[in-house]
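Q: Just the structure for this:
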Amino acid sequence: MRIERVSDDQFTIFLTFDDLVERGFTRDDLWRDATNVKNLFSDMMYEASTELEFELEGLLLVHVHLMQAQGMHIIVTQKADPFDFDEEFIEMEVLLDESRELIFYFDDFEDVIKVSDHLYTRNIIDGQIYFFNNNYYVLLEQKDLKQNKEDIIAIMSEYSTPSIITSYRLKEYGKEIINARAIEKIVHYFHPDHS
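A: As a prediction, the model looks like this:
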């Protein structure tokens, strides 16, 4: 579990799927088992508040973003509340959404070229490539995937690391290298015999 303070009233938590398994959860439990999920979030809030010395009180807005290959990115915002609650009182409003995209980062562009060749042979031709914080990022959306998502995740994981950076942040702060049909273009330029 990785915890980071964003501001005086906000912090983020990133949990990998391995972290969730260690806590006794599967991905499906998050959608089905509301009571245990609430307990999971409560435990994480207290762990984070202790580590960051962040006073938890009043209303917390918890936005949970499930990322396809990476895990769970949680943004916690403490809302100023007009009611004067007892200091022990905490109320959580949880919003849960699931990403429809895969984002992986690469240390070296050579690895982007290698994985593109593998993806192209599986009829994956779309995607976008960005450069951000000295890494190359490949973004594939759900509509770009022509086959089993887990197979694509396995191939990508051989050459790269799942990213916890969202596509919104990449598009805002990263440098766009290829904005569409990235896999096809990489193969065309670096493996012309395949295209």
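Q: And the pLDDT at the residue nearest to residue 51 when sequence neighbours are not counted?
A: Distances taken as C-beta to C-beta, 6 or more residues apart in numbering place residue 3 nearest to residue 51, at 5.4 Å, with adjacent residues excluded. No exception for glycine: its C-beta is placed from N, CA and C like everyone else's. pLDDT, residue 3: 86.
Q: Check which residues of the helix or strand harbouring residue 3 are buried.
A: Applying DSSP states H and E as the criterion places residue 3 in strand 2-7. For strand 2-7, a neighbour-count test (16 or more other C-beta atoms under 10 Å) marks residue 3 as buried.
Q: Where does pLDDT dip in this structure?
A: Applying pLDDT under 70 to the chain flags the ranges 27, 29-35, 69, 80-98, 194-195.
Q: so what are the domain limits for it?
A: Under the assignment automatic domain parsing, the domains of the chain span 2-98, 101-190.
Q: Deepest in the core, which of the ones you listed is it.
A: Of all the domains of the chain, domain 101-190 carries the top mean neighbour count, a mean of 17, counting by mean count of other C-beta atoms under 10 Å.
Q: next one: phi and psi at the residue nearest to residue 46 when sequence neighbours are not counted?
A: Leaving aside its sequence neighbours, residue 46 sits nearest to residue 56 (C-beta to C-beta, 6+ apart; 7.2 Å). For residue 56, the backbone dihedrals (degrees, to the nearest 10) come out as phi -90, psi 120.
Q: residues contacting residue 56?
A: 45-46, 49, 78, 90 (C-beta atoms under 8 Å, 6 or more residues apart in numbering).
Q: contacting residues for residue 55?
A: With C-beta under 8 Å, 6+ apart, residue 55 has these contacts: residue 49.
Q: Correction: the previous question concerned residue 161.
A: So residue 161 contacts 104-105 (C-beta under 8 Å, 6+ apart).
Q: Bridging across strands, which residues link to it?
A: Under DSSP bridges, the beta-bridge partners of residue 161 are residue 105.
Q: Could you report the separation of residue 186 from residue 125?
A: 10 Å (C-beta to C-beta, to the nearest Å).
Q: What does residue 191 show for phi and psi?
A: phi -140, psi 60.
Q: again, but for residue 129
A: Dihedral angles (degrees, to the nearest 10) for residue 129: phi -130, psi 130.
Q: Tell me how far it lies from residue 28.
A: Plainly put, residue 129 is 32 Å away from residue 28 if you go by C-beta to C-beta.
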